[in-house]
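Peer 1: Please work out how this folds:
(one chain, ligands or ions: 1)
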Amino acid sequence: ARSYEYILTSKPKPGVGQVTLNRPKALNALCTPLIVELNQALREFNSADDVSVIIVTGSEKAFAAGADIKEMAPLTFSDAYTKSFIESWSDLTTQVKKPILAAVSGHALGGGCELAMIPRSSSVLIPGAGGSQRLTRAIGKSKAMELILTGKSFSGADAEKWGLAAKTFPSYEALMDGVTKTAETIAGYSKVAIIGAKEVVNKSQDLGLRDGVEYERRVFHSIFGSQDQKIGMKAFAEKKKAEWTHQ
Ligand code: CO8
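Peer 2: Below you'll find the model as predicted:
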């Protein structure tokens, strides 16, 4: 495996790739080189034949304490604007077709929370990595407005209650165990199907209902062009376990 400065990569289970943010001294603050490495690792897992699903996690103490305030402090408008500061973050969400599970423990602040959605506005900034758009779609306008304007922190239990997080766990060990099991379940399916499923769910965020349903149907139709559709349906009829070719 390639060696990185700010992240670690591993394959904890068959079909599962994991990126662990590893900048403990800064509580995983998201400096630009970290985002570049994260992009690189995600791109590699995205194209790796032996990976179906990706876990992104931090440490027990911090998922990520937000954008790197020390990097941003001296930044001028012209630097930020002309060098498209933050734009590399978009790669994270647009270029990865395989499902990503965020395993979040400890601080997930500002850009760290934006990364996990895949807010805390503190005293200086507004969300810059899509948080105002994604959070509002995820939990509704009034709750998002309250959180973004007050910069109030919230717990994992709140995140689950609002539908921002899929699940909460009582401890860090339970979190990592639970997320790995979920990843294994996903990795047990055909890669063609899970990538299609992620694509159609994400489309629901951009399209109106009628277009979204049509889009889903087109992707559904296209699945009939895969080997795994034949394999899966034949296995069902024969009451056997499907042996996916991921083709
Ligand atoms: N950036 C840079 N360094 C950080 C950051 C950060 N966001 N957070 C923590 N650190 C550093 C500290 O400076 C400290 O370094 P050092 O030891 O060299 O002084 C080290 O990490 C440990 O931090 P603390 O000593 O403060 O640890 P505590 O346990 O006392 O406190 C907290 C933990 C509560 C997380 C505290 O560190 C904190 O409040 N951090 C800032 C959190 C924050 O405001 N985050 C939002 C940043 S702005 C943002 O993300 C907006 C999104 C913009 C768009 C996204 C694209 C980038």
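Peer 1: List of residues touching stretch 27-35?
Peer 2: 5-7, 21-23, 58-59, 61-71, 85, 88-89, 92, 106-107, 111-112, 115 (CB atoms under 8 Å, 6 or more residues apart in numbering). Placement of C-beta: from N, CA and C, glycine included.
Peer 1: tell me the mean pLDDT for that stretch?
Peer 2: On average, the pLDDT along stretch 27-35 is 94.
Peer 1: re the thing from before, mark which of the contacts of stretch 27-35 are buried, thanks.
Peer 2: Taking 16 or more other CB atoms under 10 Å as the criterion, what is buried in the contacts of stretch 27-35 is 6-7, 21-23, 58-59, 62-68, 71, 85, 89, 92, 106-107, 111-112, 115.
Peer 1: before we move on, the earlier item: which members of the contacts of stretch 27-35 additionally contact the ligand?
Peer 2: Restricting the contacts of stretch 27-35 to those near the ligand by CB under 6 Å from any ligand atom leaves 65, 66, 67, 68, 69, 70, 89, 107, 111.
Peer 1: For the closest residue to the fifth one other than its chain neighbours, the count of nearby residues, please.
Peer 2: Just to be clear, that refers to residue 69. For residue 69, ignoring the flanking residues on the chain, the nearest one in space by CB to CB, 6 or more residues apart in numbering is residue 29 at 7.0 Å. By other CB atoms under 10 Å, the residues close to residue 29 number 25.
Peer 1: cool, residue 220 as well?
Peer 2: Residue 220 has 11 neighbouring residues, counting by other CB under 10 Å.
Peer 1: Over to residue 228?
Peer 2: Per other CB under 10 Å, the neighbour tally for residue 228 reads 20.
Peer 1: Would you agree it is in contact with residue 246?
Peer 2: Yes - the criterion here is CB atoms under 8 Å, and residue 228 meets it with residue 246 at 6.6 Å.
Peer 1: Identify the contacts common to the two.
Peer 2: 190, 191, 192.
Peer 1: now the residues you listed: which count as buried?
Peer 2: Buried, going by 16+ other CB under 10 Å: 190, 191, 192, out of those.
Peer 1: Inside helices: which ones of those residues?
Peer 2: Assignment to helices by DSSP state H places the following of these there: 191, 192.
Peer 1: one step back: the ligand: which of the shared contacts of residue 228 and residue 246 is nearest?
Peer 2: Relative to the ligand, the closest of these is residue 191; by CB to the nearest ligand atom it sits at 30.4 Å.
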